[in-house]
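Q: Give me the fold of what follows.
(chains A and B)
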Amino acid sequence: MANLRIEHLNKRYGATTVLNDINLGIENGEFVVLVGPSGCGKSTLLRMIAGLDGASSGDIHIAGKLVNTLTPAARGIAMVFQSYALYPHMNVRKNMTFGLKFTGVAPAERERRVAEAARMLRLEELLDRYPRDLSGGQRQRVAIGRAIVREPAVFLFDEPLSNLDAALRISTRVEIANLHRMLKATIVYVTHDQVEAMTLADRIVVMNKGRIEQVGKPLDLYYSPANLFVAGFIGSPAMNFLEAKVESVVDGCARVAGTGFRSLDLPVASLKVGDALTLGVRPEHLARGADGPFATEGVVELVERLGEASFAYLRRADGRMFVAEVRGRQTPTPGERVTLVAAAPDLHVFDASGLRVAMQID
Amino acid sequence: MTVEQRARSLSVHLILIAYSVLAIGPILLVVMNSFKVRSAIFGAPLVPPGASTFSLVGYEKVLRASHMLTYYSNSLIVTLVSMALVLLFGAMAAWALTEYRFRGSTALALFLSIGIMVPIRLGSVAILSMMRSAGLNDTLAALILVYVAQGLPMSIFILSEFIQQIPSDLRDAARCDGVPETRIFLEVVAPLLRPAIATVAVFTIVPIWNDLWFPLILTSSDSTHTVTLGVQQFLGQYITDWNSVLAALSMAILPVVVIYVILSRQLIAGLTSGAVK
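A: From the prediction side, this is the model:
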């Protein structure tokens, strides 16, 4: 197990910049998830950590050692691919031991590691089968087993659950979390699924357009997103946004107004009169009510019922859509006019450049 | 099955049967008549050998009175060695050209594809003088060199297509596993290329085995003649020994048929892969 340090890492293909000045430190034993929309560079970053793609500039250190010029195997990493990438002409046992032959692991030691990985991943019965005879979940476990037997310093996972169906995805997710607990391994995990990111990660790295937008603990990202992108990316359905302007500032309290909601006072000292803001409020923090610090109203257009909650899509007077989560059996009906309220601490304020503005709330 | 479907399948089968008869008929005729006495070959060429017409005289003459066994082994050596080299170098070149980007790789691929477009026989005179100055005329090595050159462009072309179909994750996984590049090629890529290799093998073997031109210009002694050339000696300007010709031809056909049967399953997999997935 080892720590990982990435400094000023860049990746360019000709004129296109895929990764732009990435700086990231990962602690020993930490589970870090890289998350972002497709094309944000998260897989490229993972492949560069692995040594499968070279960097245009910048350094990668694993366990304190500069690994820029080292081969993947010499870096002490093991990677689990989205497509599993099992060798189709080798059985499960061979798939796991194949790589060990070349890294100087004695046969007896190979057997011991395979037996241990097989026990951990419940693969004992499958050791003599071929990948074509395995189900998707079993293949994924073999792929993880192949990584475990290498006893790497860092595990790299590239969207490992994307090819599994929903039920299997949840159980494999739990397995990966358990595995991390047992192995105490340093893990870098790439996904576009924010549920995976939130459930698995010690820390999440949100990426967009080749940059790191924010690094933080799952709930920190949820409750205090650093910018509009993270605010909109974390949470499902996405956060609602409203344009607003500062009307007056009195005693460190800014009066904020905009179309479609009642003017409200925010405990923010750093604002000036005339500043353009974006207000954000999560669907799950809205409730039906008559009045509150934040209140907006609209006509219900569509209701999605999930069981434990429903999502109501409202069109407000200014024509913008607004999503609210409604708990319980009483769901609004389409066509109904509804007033939604939220508490001040549940509001997120972003300045004109999209950065978070902190509120002074006790 | 509806009547229409049945009619369509029937017509398809009729066409295929007709084509099979056309393809197999001559071979059958050659093999059948090679076991008959000379009078029966001309008297009733379409009748199978009977008790009175059966004869092995052609085979006896071919095996006893000529260097046919030498020719045969020459043909086998030339064909198999050429095939092995074409497959080895073809797969290696295809792997290098598809997997690694290096300066001039596109130019090299284009250069190799010229070999598909330009028939090697156009260079016969140059090849002959090259072989002579290299001291290789009248050797099997000369034939092998020519056939390797002839077979390589197509084999590189076909194998490149197949290598591109192997998921790149597999090679990356092997690299992460610490497998050296040569072993990735030999132990991960090559086994997955089996159908493609069978296809290339058949396409390489048949023209080499059947070739008359290069043995004719590059070999001059009995010890280096091949089967195709050997058969010629029974075809005289005035008298042709048909028993021997047919016997020799039957023997010449045999190895190709055997190899085809062995490789046919893989070959079909190779030809249809990509289309059926």
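Q: residues touching residue A:287, list them.
A: By C-beta atoms under 8 Å, 6 or more residues apart in numbering or on different chains, the residues touching residue A:287 are A:324, A:340, A:341, A:342. (Glycine included, C-beta is placed from N, CA and C.)
Q: what's the closest of these to residue B:55?
A: residue A:324 (98.4 Å; C-beta to C-beta).
Q: thought the closest one was touching residue A:312?
A: Yes - under the criterion of C-beta atoms under 8 Å, residue A:324 makes contact with residue A:312 at 5.0 Å.
Q: The closest residue to residue A:171 other than its chain neighbours: what's it in contact with?
A: The shortest distance from residue A:171 to any non-neighbouring residue, by C-beta to C-beta, 6 or more residues apart in numbering or on different chains, is to residue A:137 (7.6 Å). Counting by C-beta under 8 Å, 6+ apart, residue A:137 makes contact with A:164, A:168, A:171, A:172.
Q: How about residue A:90?
A: Residue A:90 neighbours (C-beta under 8 Å, 6+ apart): A:98, A:130.
Q: Check it and give its pLDDT.
A: Residue A:90 is assigned 91 on the pLDDT scale.
Q: so it, which of the three states?
A: Three-state call for residue A:90 (DSSP: H, G, I helix; E, B strand; the rest coil): coil.
Q: So which elements touch the lowest-mean-pLDDT helix or strand in chain A?
A: The weakest-scoring helix or strand in chain A, judged by mean pLDDT, DSSP states H and E, is strand A:261-266 (a mean of 85). With contacts taken as 3 or more C-beta pairs under 8 Å, 6 or more residues apart in numbering or on different chains; DSSP states H and E, strand A:261-266 sits against strand A:240-250, strand A:253-258, strand A:294-305.
Q: Just the residues contacting the next helix or strand after that strand, thanks.
A: From strand A:261-266 onward toward the C-terminus, using DSSP states H and E, the following helix or strand is strand A:276-281. Residues outside strand A:276-281 that contact it (C-beta under 8 Å, 6+ apart): A:225, A:228, A:231-232, A:239-246, A:256, A:258, A:261, A:271, A:294, A:342, A:346-352, A:354, A:357.
Q: Now do the residue in the stretch 251-362 of chain A that chain B sits nearest to, the pLDDT please.
A: Chain B sits closest to residue A:306 of the stretch 251-362 of chain A, with a gap of 34.8 Å, by C-beta to the nearest C-beta. Here, the pLDDT recorded for residue A:306 equals 88.
Q: cool, and residue B:164?
A: At residue B:164, pLDDT is 88.
Q: now swap in the one 3 residues further on and tell me
A: The score at residue B:167 is 87. That number is its pLDDT.
Q: And it, its phi and psi?
A: When quoted as degrees, to the nearest 10, the phi and psi of residue B:167 stand at phi -60, psi 140.
Q: so who does it touch?
A: Residue B:167 touches A:83, A:85, counting by C-beta under 8 Å, 6+ apart.
Q: Look up which residues are beta-bridged to residue A:215.
A: When assigned by DSSP bridges, residue A:215 has beta-bridge partners residue A:205.
Q: List the contacts of it.
A: Counting by C-beta under 8 Å, 6+ apart, residue A:215 has contacts A:24, A:203, A:204, A:205, A:206.
Q: Which of the residues in stretch B:105-120 are classified as buried?
A: B:109, B:112, B:115, B:120 (16 or more other C-beta atoms under 10 Å in any protein chain shown).
Q: Verify the stated contact: the last one with residue B:151.
A: When you say that, I think you mean residue B:120. No - the criterion here is C-beta under 8 Å, and residue B:120 misses it with residue B:151 at 9.5 Å.
Q: Quick one: name the residues of the stretch 51-200 of chain A near chain B.
A: Contact residues, the stretch 51-200 of chain A versus chain B (C-beta under 8 Å from any C-beta of the partner chain): A:51-52, A:71-74, A:77-79, A:81-83, A:85-89, A:98-99, A:102-103, A:146, A:150.
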